[in-house]
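Engineer: structure of the sequence below:
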Amino acid sequence: MRADVGDILLVHGRTVGQHDRTAMIVEVLGPNGTPPFRVRFEDDGHEALISPGPDSVVRHRGEPAH
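Structural biologist: Got it, this is the predicted structure:
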């Protein structure tokens, strides 16, 4: 997984009833755009350090939402 600052990380809900969450990538800490990422969640504004798993997708800036 590769990302740049300003890309959106979409984290899919893992259980029934758990909603997907979106976060803006505010810092890329791995080499060549790889995790971990510092993100700011759009729903509540809190920041976290994340190493995304297979339940996550990066939406690059300018890429249409699916």
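Engineer: drop to CA atoms for contacts and neighbour counts, all remaining ones
Structural biologist: Fine.
Engineer: remind me which residues of the chain are low pLDDT?
Structural biologist: Applying pLDDT under 70 to the chain flags the ranges 64-66.
Engineer: longest strand in it, by number of residues?
Structural biologist: strand 21-28 (DSSP state E).
Engineer: CA atoms only: put that strand into CSV for me.
Structural biologist: C-alpha atoms of strand 21-28 as CSV (Å, rounded to 0.1, in the frame of the first residue of the first chain):
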residue,chain,number,x,y,z
ARG,A,21,-14.6,5.3,8.3
THR,A,22,-12.6,7.8,6.3
ALA,A,23,-9.4,9.6,7.3
MET,A,24,-7.1,12.1,5.6
ILE,A,25,-3.5,11.1,5.5
VAL,A,26,-1.6,13.9,7.2
GLU,A,27,1.9,12.3,7.4
VAL,A,28,3.5,9.3,5.7
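Engineer: next SSE downstream of it?
Structural biologist: Downstream of strand 21-28, the next assigned helix or strand under DSSP states H and E is strand 37-41.
Engineer: picking up where we left off before, which strands or helices does the longest strand of the chain pack on?
Structural biologist: strand 8-11, strand 37-41 (3 or more C-alpha pairs under 8 Å, 6 or more residues apart in numbering; DSSP states H and E).
Engineer: tabulate those (TSV), appending distance to E47.
Structural biologist: Converted to TSV, those look like this (distance: least, C-alpha to C-alpha, whole Å):
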stretch	distance to E47
strand 8-11	13
strand 37-41	4
